[in-house]
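In: Generate coordinates for the sequence data below:
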Amino acid sequence: MTGATLEIKRIFNAPVERVFDAWMVHEQWEAWIGPEGTKSDIPEMEPRVGGRYKIMMNLSNGQKLPVIGTFRTIERPTRLAFSWKMDGGEHDSLVTISLRDLGGRTELTLRHEGLLTPDNRDAHGSGWNSALNKLEAYLQ
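Out: From the prediction side, this is the model:
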C-alpha cells in the first residue's frame, strides 16, 4: 500500500479480550469511536471478514463525518484489520489493530496505512490518539 503510514502504540489496563471486544461489539465500538468531543453512531456493522461497517461521527460543530469500510481480518483476540474511507470518497486506507497480552494489561498497536500525505497522516494521528483516549476511559 502506497502513501503515508501512521503507527501508534498504547498500553491499556484491561485484558486483551476486553480490548478486542471494544472494537468488535457494536455497542462498545459506538460508545468510544471518534475523537474527543465527538459522538458517533454506527448504523451498519457486520463484524465478520468481508462484513461492512459505517461510522457517522457527529462533530461538536454540527458537521458529520461518515466513514465506511470492510473488515479484512478478524483473529480473536489479537488482530483485526479493516478498510477506512470517507463515505463518497475514492481513497481507501487500511487500519490494522494488533493486541498483545501483557498479563492482564494489553499493548495495542494501531497501524493506518495508505494515507495520502504526511499532513493527512498527522491529522489521522491526532484523531486516532484522541479516540484511543476515549477507549482508555471506556475500558476503566
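In: can I assume residue 49 sits in a strand?
Out: No. Applying DSSP: H, G, I helix; E, B strand; the rest coil, one finds residue 49 to be coil, outside a strand.
In: how about it, what does it touch?
Out: Applying Cβ atoms under 8 Å, 6 or more residues apart in numbering to residue 49 gives the contacts 71, 72, 73, 74. Bear in mind the C-beta positions are built from the backbone N, C-alpha and C, glycine included.
In: which among the residues you listed end up buried?
Out: Neighbour-count burial (16 or more other Cβ atoms under 10 Å) is assigned, among the contacts of residue 49, to 71, 74.
In: Determine which two of the contacts of residue 49 are furthest apart.
Out: 72 and 74 (8.4 Å; Cβ to Cβ).
In: Can you name the helix or strand that the spatially most distant residue from the centre of the chain falls in?
Out: Distance from the centre of the chain peaks at residue 103, with 23.3 Å (Cα atoms, centre = their mean). Here residue 103, judged by DSSP states H and E, is contained in no helix and no strand.
In: so how far is residue 16 from it?
Out: 10 Å (Cβ to Cβ, to the nearest Å).
In: Give me the buried stretch members for the longest helix seen in the chain, please.
Out: If you go by DSSP state H, the chain has its longest helix at helix 118-139. Neighbour-count burial for helix 118-139 flags 120, 121, 124, 125, 127, 128, 131, 132, 134, 135, 136, 139 (criterion: 16+ other Cβ under 10 Å).
In: Excluding chain neighbours, give the residue nearest to the fourth one in space.
Out: If the residues on either side of it in the chain are set aside, residue 125 comes closest to residue 6, at 5.0 Å by Cβ to Cβ, 6 or more residues apart in numbering.
In: I'm done for today, thanks for sticking with me.
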